[in-house]
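In: Sequence below, structure please.
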Amino acid sequence: MTPKFVLTHRRAVLLMVGVTLMWSMAGVVTRHLEQARSFEVTFWRSFFTALSLLVLLPLMHGRGTLAAVRRGGALLLASGLVWAGMFTFFMLALTLTSVANVLVISALMPLFTALGARLFIGHTIERRTWLAIVVAGMGMVYMYGSQFGQGINLLGALAALAVPIGGAANWTINQHAHRHGQHVDLIPAVLIGGMVSAAVTLPVAWPLQASGHDVALLALLGLVQLALPCTLAIVCARVLKAPEMALLGLLEVIFGILLAWLGAGEVPGHNVWAGGTLVIAALVFNEWMAWRGRP
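Out: I've put the predicted structure just below:
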């Protein structure tokens with residue numbers, strides 16, 4: 001009889017490292033597209049994400065898939081709409097600015113989540129988090145202070161900023177649901193997000209110009225960079241604590257910058273190295289202290 005696989009803490013950590021590696025593929029893959037641009041990139045990735053989850057969800061829930069979606073109600077729909085915005089703006093940002101810029105900004109999600117929890121749920125923000133917010137803010141100012149007035153990079157930064165804001169909103173929705181005795185299944189929410197993102201971006205992406213090569217790469221992103229790792233991350237979250245998840249999630253920034261450097265020759269500028277180091281150091285300090293403070 002084959003022994004049942006048990007997700008231990010060590011296995012969950014290793015699995016989460018693999019998840020961040022898969023997440024980090026987006027930047028380097030988009031740099032090898034031939035014809036697909038802007039909203040068409042978002043459409044194809046979102047389309048293949050939704051298609052992949054239509055296969056993965058029944059494998060996870062079996063015949064209870066539709067029931068799981070119905071149970072989510074309005075909160076599940078709200079979470080799905082937030083995911084749709086995150087999918088759309090993340091890929092749009094990658095077409096407007098560097099991979100390093102997008103990943104460093106996206107890594108601000110834990111801090112935005114803390115602010116969202118303070119404003120909408122009434123959670124107390126500890127001093128270490130306020131300090132991290134100030135230091136990370138200084139890093140962002142250093143990264144983009146010289147780019148004000150240059151247009152395109154600033155526009156990409158604003159698009160990337162929607163990702164951590166959306167992540168914070170999603171966390172707030174889930175906490176609100178738990179407080180009222182409800183549970184929002186994140187995987188159906190990701191499915192809804194992919195479907196909405198594809199539907200919204202199709203009209204502005206039309207006529208589609210992606211080559212077969214581009215479609216294959218974006219299908220890879222839909223499955224391997226988004227649908228599969230998001231599903232595995234939810235599994236890891238059953239074993240790992242929130243600070244651990246946040247710390248391990250920062251590996252996406254490191255992996256993503258390295259992949260874009262090695263695979264697409266995209267070397268981060270001095271301002272990105274310096275400002276990005278401040279941001280990541282602030283995040284690591286905040287999450288490490290939270291981890292140490294837990295029994």
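In: any weak-confidence spans in the stretch 1-150 of the chain?
Out: 1-5, 61-72, 144-150 (pLDDT under 70).
In: Quick one: neighbours of the nearest residue to residue 279 once chain neighbours are set aside, just the number.
Out: The shortest distance from residue 279 to any non-neighbouring residue, by C-beta to C-beta, 6 or more residues apart in numbering, is to residue 139 (4.0 Å). From N, CA and C alone the C-beta is placed, and that goes for glycine too. When counting by other C-beta atoms under 10 Å, one arrives at 24 neighbours for residue 139.
In: Could you pull up the contacting residues of residue 139?
Out: 104, 274, 275, 276, 277, 278, 279, 282 (C-beta atoms under 8 Å, 6 or more residues apart in numbering).
In: how much space between the fourth one and residue 50?
Out: The reference is to residue 276. Note on residue 276: its distance to residue 50, by C-beta to C-beta, to the nearest Å, is 32 Å.
In: secondary structure element for the residue nearest to residue 279?
Out: Per DSSP states H and E: residue 139 is located in helix 127-144.
In: the longest helix in this structure is where?
Out: For the chain, the helix that runs over the most residues, judged by DSSP state H, is helix 65-96.
In: by contact count, what packs against that helix?
Out: Here helix 65-96 touches helix 25-30, helix 38-61, helix 99-106, helix 152-179, helix 186-205, going by 3 or more C-beta pairs under 8 Å, 6 or more residues apart in numbering; DSSP states H and E.
In: what would these look like in a markdown table with distance to residue 78 and mean neighbour count?
Out: A markdown table is the format used below for the helices and strands packed on helix 65-96 (distance: least, C-beta to C-beta, whole Å; neighbours: other C-beta atoms under 10 Å):
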| stretch | distance to residue 78 | mean neighbour count |
| --- | --- | --- |
| helix 25-30 | 25 | 22 |
| helix 38-61 | 18 | 21 |
| helix 99-106 | 21 | 27 |
| helix 152-179 | 6 | 19 |
| helix 186-205 | 9 | 22 |
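In: for those helices, which one sits closest to residue 288?
Out: Closest to residue 288 of these, according to C-beta to C-beta: helix 99-106, at 18.3 Å.
In: what's in contact with the closest one?
Out: With C-beta under 8 Å, 6+ apart as the criterion, helix 99-106 contacts 24, 26-28, 31, 90, 93-94, 139-140, 143, 153, 156-157, 160-161, 163-164, 252-253, 256-257, 259-260, 264, 266, 268, 272, 275-276, 279-280.
In: and the helices and strands packed on helix 65-96 as CSV, adding distance to residue 248?
Out: Shown next, in CSV, are the helices and strands packed on helix 65-96 (distance: least, C-beta to C-beta, whole Å):
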stretch, distance to residue 248
helix 25-30, 17
helix 38-61, 22
helix 99-106, 15
helix 152-179, 15
helix 186-205, 17
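In: Those: which one's closest to residue 124?
Out: Shortest distance between residue 124 and the helices and strands packed on helix 65-96, using C-beta to C-beta, is found for helix 152-179: 14.1 Å.
In: Report the distance from the helix holding residue 139 to the chain centre.
Out: 20 Å (C-alpha atoms, centre = their mean, to the nearest Å).
In: likewise stretch 119-128?
Out: 22 Å.
In: Could you report the neighbour count for the closest residue to residue 249 other than its chain neighbours?
Out: Closest residue in space to residue 249, ignoring its immediate chain neighbours: residue 20 at 6.2 Å, by C-beta to C-beta, 6+ apart. The local packing of residue 20 (other C-beta under 10 Å) involves 19 other residues.
In: How much space separates residue 20 from residue 225?
Out: According to C-beta to C-beta, residue 20 and residue 225 sit 11 Å apart.
In: swap in residue 140?
Out: The gap separating residue 140 from residue 225 is 25 Å, by C-beta to C-beta.
In: Noted, bye for now.
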